[in-house]
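Q: Just the structure for this:
(2 chains)
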Number of protein chains: 2
Amino acid sequence: MITTDDKVTRLLRYRSAVRRMKAMGLSRVYSDNIADATGVSALQVRKDFCEEGVRGVRRGGYLVDSVLARLEEVLGKDTTCVFVLVGVGSLGTALLKYDAFAHYGIKIVAAFDVDPAKLDARAPIPVLPVKDLTNYCRTHHIRYAIITVPEGAAIEVYEALVAGGVKGILNFAPVRLRSAGGVIVNNVNLVYEIEQLVYFVKHARSKR
Amino acid sequence: MITTDDKVTRLLRYRSAVRRMKAMGLSRVYSDNIADATGVSALQVRKDFCEEGVRGVRRGGYLVDSVLARLEEVLGKDTTCVFVLVGVGSLGTALLKYDAFAHYGIKIVAAFDVDPAKLDARAPIPVLPVKDLTNYCRTHHIRYAIITVPEGAAIEVYEALVAGGVKGILNFAPVRLRSAGGVIVNNVNLVYEIEQLVYFVKHARSKR
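A: Below you'll find the predicted structure:
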């Protein structure tokens, strides 16, 4: 995780939630709705909206379109983000097919793997050899990457991406990569997430 | 995320890191090593170890076996955790195959889906109909579940799990489920993770 509780994170979550509400056909939302969808308290939602100039309407609530317009102003215009993905194993393959990404403007344009059997330059998302990674990123001005390789390969892939000019990396390999030199890494460790869950369940039970 | 910066989370990370180091054949580790592997400062590692009674050795560093023994005492004995997984789409399938889970004592014993074409009661991890979910969890005393269904199905699945006695849920559906009534939910939203990454990269660049 890059950060967790700061205001930008909350604003990004509000934007995601309000977009989903708009897609459901809502034209007006209340701070309670947004609180439920994001896990932030309704009071905090109102406070953030007030501070960021998101205005409510007379009988309470907020107009969906005006919330979104204001959040776009604050967060910067939201354009499609182009990613490469490295490591076409089971998790990598799943993320290549993950519908929610396309829905939120996240587009994976190429994937890379070391296994010759997985290569397919003509697939809708081409699968290319890892040795071409740096050159591809440089040529196509790629800024973002997702790493889904095994632990042992993660650092080498990280260095190839950085050499290619990549600035933001979402890392699923179970090894922590560090943000450095203008490159930002968001580490998502699924084993940690499960270990935390198990600990908190056991702990809650033992307190009864 | 359940929590992020508290000491239990750090202790869980230290344990994961030191286990990996042990698997690599190390017998002694230094606070710097653990800091690098977990993203916690070396000073914080030493402080936590001191507070929790993890003792160093005379010439500096810590013996791997004594760190692990003490962390097991503090965190509770670590046994295999049995999970069910609901939603055998691309992400669910990936998690069923995810080697790292088995490696860390996380065992998925059954999967569930609504699609008759996906059902396979004889597979190594059987895929069963969702209508049997509550009953299965109750009969097999299942405490933990992973949700990888689409947004629209998440709440129904959550209720079926809770009715079956499940106490801990790792939720990947892009809708926030709440911890309540003794049930703990850890929400992992991959779209949020990417949106945060993109925002922080853009923000870092604009500050130059």
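Q: ranges for the strands of chain A?
A: A:28-29, A:62-63, A:81-86, A:106-113, A:127-129, A:144-147, A:168-171, A:184-187 (DSSP state E).
Q: what residues are up against residue A:96?
A: Residue A:96 is in contact with A:85, A:88, A:108, A:111, A:125, counting by Cβ atoms under 8 Å, 6 or more residues apart in numbering or on different chains. Every C-beta, even on glycine, is put in place using the N, C-alpha and C of the backbone.
Q: Look up the closest residue to the second one, ignoring the ones flanking it.
A: Among residues not flanking residue A:88 along the chain, residue A:113 sits closest, at 4.3 Å (Cβ to Cβ, 6 or more residues apart in numbering or on different chains).
Q: and the two most separated of the contacts of residue A:96?
A: A:88 and A:108 (10.9 Å; Cβ to Cβ).
Q: now chain A, which segments are flagged as low pLDDT?
A: A:1-5, A:77-78, A:205-208 (pLDDT under 70).
Q: Domain map for chain A?
A: Per automatic domain parsing, the domain ranges recorded for chain A read A:5-73, A:81-192.
Q: Need the winner for burial among those domains.
A: domain A:81-192 (a mean of 18; mean count of other Cβ atoms under 10 Å in any protein chain shown).
Q: how close does the residue nearest the centre of chain A sit to residue B:191?
A: Centroid check for chain A by Cα atoms, centre = their mean gives residue A:170 as the closest residue, at 7.5 Å. To residue B:191, residue A:170 is 11 Å away according to Cβ to Cβ, to the nearest Å.
Q: if we can go back for a sec, same list, the strands of chain A, but as a markdown table with distance to residue A:36 please.
A: What follows is the strands of chain A, written out as a markdown table (distance: least, Cβ to Cβ, whole Å):
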| stretch | distance to residue A:36 |
| --- | --- |
| strand A:28-29 | 10 |
| strand A:62-63 | 15 |
| strand A:81-86 | 27 |
| strand A:106-113 | 25 |
| strand A:127-129 | 40 |
| strand A:144-147 | 30 |
| strand A:168-171 | 27 |
| strand A:184-187 | 25 |
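Q: does residue A:187 really touch residue A:177, like I thought?
A: Yes. With contact defined as Cβ atoms under 8 Å, residue A:187 and residue A:177 form a contacting pair (6.4 Å).
Q: what's the overlap in contacts for these two?
A: With Cβ under 8 Å, 6+ apart as the test, residue A:187 and residue A:177 both reach residue A:171.
Q: you'd agree residue A:140 is up against residue A:109?
A: Yes. The criterion here is Cβ under 8 Å, and residue A:140 meets it with residue A:109 at 7.2 Å.
Q: How many residues are close by residue A:74?
A: 15 (other Cβ atoms under 10 Å in any protein chain shown).
Q: Would you mind measuring from the residue nearest to it when sequence neighbours are not counted to residue B:201?
A: Ranked by Cβ to Cβ, 6+ apart and with sequence neighbours excluded, the top spatial neighbour of residue A:74 is residue A:52, at 5.3 Å. Residue A:52 sits 21 Å away from residue B:201, going by Cβ to Cβ.
Q: all helices for chain A, in order.
A: Assigned helices in chain A, in chain order: A:7-23, A:31-38, A:42-51, A:64-75, A:90-96, A:99-103, A:133-139, A:154-163, A:190-207 (criterion: DSSP state H).
Q: Output the ones you listed as TSV; include the columns distance to residue B:160.
A: Shown next, in TSV, are those (distance: least, Cβ to Cβ, whole Å):
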stretch	distance to residue B:160
helix A:7-23	23
helix A:31-38	20
helix A:42-51	28
helix A:64-75	31
helix A:90-96	23
helix A:99-103	22
helix A:133-139	43
helix A:154-163	37
helix A:190-207	18
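Q: And the contacts of stretch A:24-37?
A: Taking Cβ under 8 Å, 6+ apart as the rule, stretch A:24-37 contacts A:14, A:17-18, A:20-21, A:40-46, A:49, A:57, A:60-65, A:67, B:175-176.
Q: Repeat that for stretch A:169-178.
A: A:87, A:91, A:144-151, A:153-155, A:157-158, A:161, A:183-191, B:36-39, B:100, B:193-194, B:197.
Q: Quote the end-to-end distance of that stretch.
A: Criterion Cα to Cα, to the nearest Å; first-to-last residue distance in stretch A:169-178 is 10 Å.
Q: Next: stretch A:117-132.
A: End residues of stretch A:117-132 are separated by 16 Å (Cα to Cα).
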